[in-house]
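K.L.:
quick one, structure for this:
(2 chains)
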Amino acid sequence: MSETYDFAAIESKWQSAWEESRAFEAVADPSRPKFYLLEMYPYPSGRIHMGHVRNYSIGDVISRQKRMAGAAVLHPIGWDALGMPAENAAIKHGTHPQTWTLDNVAHMRQQLKRLGISYDWDREVNTCLPDYYKWNQWIFLRMLERGLAYRKDSWVNWCAQCRTVLANEQVVGGGCWRCETPVTQKKMEQWFLKITDYAEELLSGHAELRKWPEHVLQMQKNWIGRSAGAHVQFALDGTSQTIEVFTTRIDTIYGATFLVVSAEHPIVPELVAGPKAKELGAWVDRTVAEMRRRRDVGETEKDGVDTGKKAVNPFTGERVPVWIANYVLMDYGTGAIMGVPAHDARDLDFAKSYGIPVRTVIAPPDRAGGRFDAEPAEVYEEPGVLVNSGPFDGLASDRAMEAMGKHAEDKGFGRRSTVFRLRDWGISRQRYWGTPIPVVYCDRCGVVGVPDADLPVELPFDVKLTGEEGSPLARHASFVETTCPKCQGPARRETDTMDTFVDSSWYFFRYCSPRETELPFRPEDAEAWLPVDLYIGGVEHAILHLIYARFFTKVLRDFGLTEVSEPFPHYLAQGMVTKDGSAMSKSRGNIVDPDEILERYGADALRLFILFASPPDKEFAWAEEGLEGCYRFLVRVWTIVHENLDLFAAGSASAGPAPARGPAVPIVRKTHQTIRKVTEDIGVRFHLNTAVSSIMELYNLAKKDRDELRSSPEGRAALRLALESIVRLLSPFAPHIAEELWEKTGHRGLLMQSPWPAYDAGLAREETVTVVVQVDGKVRDRFEAEADSPEAELEAAALARPKIRAALGGKTPRKVISVRNKLVSIVT
RNA sequence: GGGCAGAUGGCGGAAUUGGCAGACGCGCUAGGCUUAGGACCUAGUUCCUGAUGAAGGAGUGCGGGUUCGAGUCCCGCUCUGCCUACCA
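P.N.:
Residues are numbered from 1 along each chain as shown, chains lettered A, B, ... in the order given. The predicted structure is shown next:
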């Protein structure tokens, strides 16, 4: 009798219906609460993968539910469309990066539509198009004007064979990915953004991010790496030079038995000068090369040379040897440290290898005043009490740091200070498929920003991409040759392009005014939608993307374009998609292609399964059997609704007031409980898996009781209510089948545009509860009691139970704990 | 080395505030329906003892602790995953 569940026909039918009625359009409406739901936009690599399906399904459930619950929802999508893979594909297949990218976008857009994700496609942005990247350039120019963008020398990976710069991921085992030539380091002038100006605020802003996962905040905190300490100058003996060190433990300075400068430190040439210059110079060259090569490989053996030079400890006047070593980083602190082997494991490691003396200056607090080992074998890194430290003896570490910092300031050889691990953001990329950095170089005027009126600086289409011979733009004469906007004389364009993280640092603003032509976005649109109410995406972007986006937001705020300081007050870090115990990836060959699943089971089943199998923030393990289970559930819902279509026939009113007695009571109660649970699970807890299971429970009860229910008018009304509720509650998860059943049951208008079901707390209330009775911690009996019965009544009832009397065996309870609606616990 | 997260049946997971451990789904078992089915329906399914039942005991990685009561809180471990890594 009932027609079969033809998901393919149903899904395309409703996708068209939604599109025709513009049901996903975001319309700001001051009379309704706004809800900006954002998922991380994808890189158009060619096909949607399961990670995307998961990310976007989670977001879609929440946005659909919010929309039904009355919010004005902004749920946009776009494409992170610039970047290296397009260029690599172009080199490999001889296509143009733009062709390749736009083809991919077209395919992936169809895939997302086929999944039924409720995006406002009118707001789609594509970062590889000039009307988007123009605004990268505009923002860059404003930063340039304020000194937030600047040039400095920096190292890049260089392949001498291909004569080109390589990105880190193009360096494979220290060699070029294409020709395996060993990669060397080359110094080039590059553009940087001054994110360090915002280091303190990026850290203090965490206070507002109460709805971020703790571990993500911790990761960002480590990345920013704030350390309070002091800068101290050591005079280089026999010269007027000083070497400045940074230390977080100035209290240990009496234990400094040597000084170490990084092999990359600018003072190195001076230090190696002298009789052994040749030998030392060679060591330095070798070490620098080694350090650069090993930069991303972990810890290496500590290696160093004694320069023979001495530095003077300003606290003690003591002359200590100056070493050059491979374990001191140039780009942290000052590139020089004081070596305190007794209280720093790395320094001790180094001192032991070279026979440098070790001197204890901090005693553990519990042994202060006692004996201490002058030449300890073990490092003591904790705070303690100063010994061997002249006038500072007896002070606790924290007090000493203050006193000694102040002493250094008073004497003028140091200062208390804070350093950050965070470094300025190098955005120059020597590649084609990126946003051209909008400056020109004029021999007369120097570095000149391109005037706003000349934006965008467009990427020339006619380029040859070979992967060799430097940047493609640098070889493109008509791009490079230009005139200076200031003096009209001949000038050269900058040929570097921007890091694609620039694009993603503000795209969520662009969604608010996607077609704006005067500004990156209209402040009033940003005001209407931002901040993003919920941001969902993989934790792999927890550091870089999320810090850069927070940085850009603060910069845009300082430009006066927005009032918002934190763009994402709520971030949901979605878990990995795995199969057979490891992450789905091409290299592991355990990919499941969403297209194939859509073909066999449809979008609703796929969405339902991916949401049901685990909570959004946990790992999700793919299992085909589980998917089949969800598919079968949809078939069962389809079937039970069809078998009871007569209940929805014209004239039969919607379920009236629930009967107070009789067989309909349990299903009515369960229905209201389910509505409550699903509403909370989606809107408050984000536990979409338990929302689905509670809908299944409601189905199971309806199924079990259906024959009995159908035998009375009250029962029929209750069954109808239950079935209708299942359809409505299911609609954010499996929207197509829900629309179809909504229509089949005689409703007019789109389900997704009808109100979210409301529950009645009174009808959801259980009349009786099961009370557990424990004797000495063991459950001995349970009984039904009226809900909210007073504790004294429960206690009396429990003590009267035959099983409990047996368990007590005549003993008198010493203590009875009674908890309303829960249990009675008897202690003898 | 540092940081973080996690560990619950055969599997994915549930238990929201310290109060019935194992919801829901998968898988499996038995039965029904069927020419047949990997479809559908019914019942069962943490483990152990118990012929079945009744009943009892054990049980949330390991070892302690707090509590009338611990998957949940505290202390100490083990293992797994992720991130980070000479950051002075």
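
K.L.:
where does the prediction get shaky in chain A?
P.N.:
Within chain A, the ranges that satisfy pLDDT under 70 run A:1-2, A:167-170, A:172-174, A:292-299, A:366-377, A:650-661.

K.L.:
OK, contacts around the residue nearest the centre of it?
P.N.:
Centroid-nearest residue in chain A, with C-alpha atoms, centre = their mean: A:Ala542, separated by 2.8 Å. Applying C-beta atoms under 8 Å, 6 or more residues apart in numbering, we find A:Ala542 in contact with A:216, A:219-220, A:573. Placement of C-beta: from N, CA and C, glycine included.

K.L.:
ok, now with 10 Å
P.N.:
Listed by C-beta atoms under 10 Å, 6 or more residues apart in numbering, the contact partners of A:Ala542 are A:212-213, A:215-220, A:223, A:571, A:573.

K.L.:
let me know the closest of these to RNA strand B.
P.N.:
The closest of the contacts of A:Ala542 to RNA strand B turns out to be A:His215 (C-beta to the nearest atom of the strand; 2.6 Å).

K.L.:
and the closest one, how far is that from A:Glu189?
P.N.:
Using C-beta to C-beta, to the nearest Å, A:His215 is found at 38 Å from A:Glu189.

K.L.:
go on, A:Met84?
P.N.:
22 Å.

K.L.:
and those two? Which one has more around it.
P.N.:
Shown here are A:Met84 and A:Glu189; by other C-beta atoms under 10 Å, A:Met84 has more neighbours (17 against 12).

K.L.:
against RNA strand B, how distant is the more buried one?
P.N.:
From A:Met84 across to RNA strand B, the span is 18 Å (C-beta to the nearest atom of the strand, to the nearest Å).

K.L.:
next: A:Ile324.
P.N.:
Per C-beta to the nearest atom of the strand, A:Ile324 is found 12 Å from RNA strand B.

K.L.:
contacting residues for that residue?
P.N.:
Listed by C-beta under 10 Å, 6+ apart, the contact set of A:Ile324 reads A:259-265, A:267-268, A:271-272, A:280, A:283-284, A:287, A:303-307, A:309, A:336.

K.L.:
so which of the residues you listed sit within strands?
P.N.:
Applying DSSP state E to the contacts of A:Ile324, the entries found in strands are A:259-262, A:304-307, A:309, A:336.

K.L.:
just the buried ones from these?
P.N.:
Using 16 or more other C-beta atoms under 10 Å as the burial test, the ones in strands among the contacts of A:Ile324 include A:259-262, A:304-305, A:307, A:309, A:336 as buried.

K.L.:
which of these sits closest to RNA strand B?
P.N.:
A:Ser262 (6.0 Å).

K.L.:
if I read this right, that closest one contacts A:Asn326, doesn't it?
P.N.:
Yes: counting by C-beta atoms under 10 Å, A:Asn326 is a contact partner of A:Ser262 at 8.3 Å.

K.L.:
what touches both of the two?
P.N.:
By C-beta under 10 Å, 6+ apart, A:Ser262 and A:Asn326 have these common neighbours: A:287-288, A:291.

K.L.:
how far away is A:His49 from RNA strand B?
P.N.:
A:His49 is 16 Å from RNA strand B, where distance means C-beta to the nearest atom of the strand.

K.L.:
and for A:Ala106?
P.N.:
Distance, A:Ala106 to RNA strand B, by C-beta to the nearest atom of the strand: 31 Å.

K.L.:
then A:Pro436?
P.N.:
Plainly put, A:Pro436 is 29 Å away from RNA strand B if you go by C-beta to the nearest atom of the strand.

K.L.:
cool, A:Lys411 as well?
P.N.:
Using C-beta to the nearest atom of the strand, A:Lys411 is found at 20 Å from RNA strand B.
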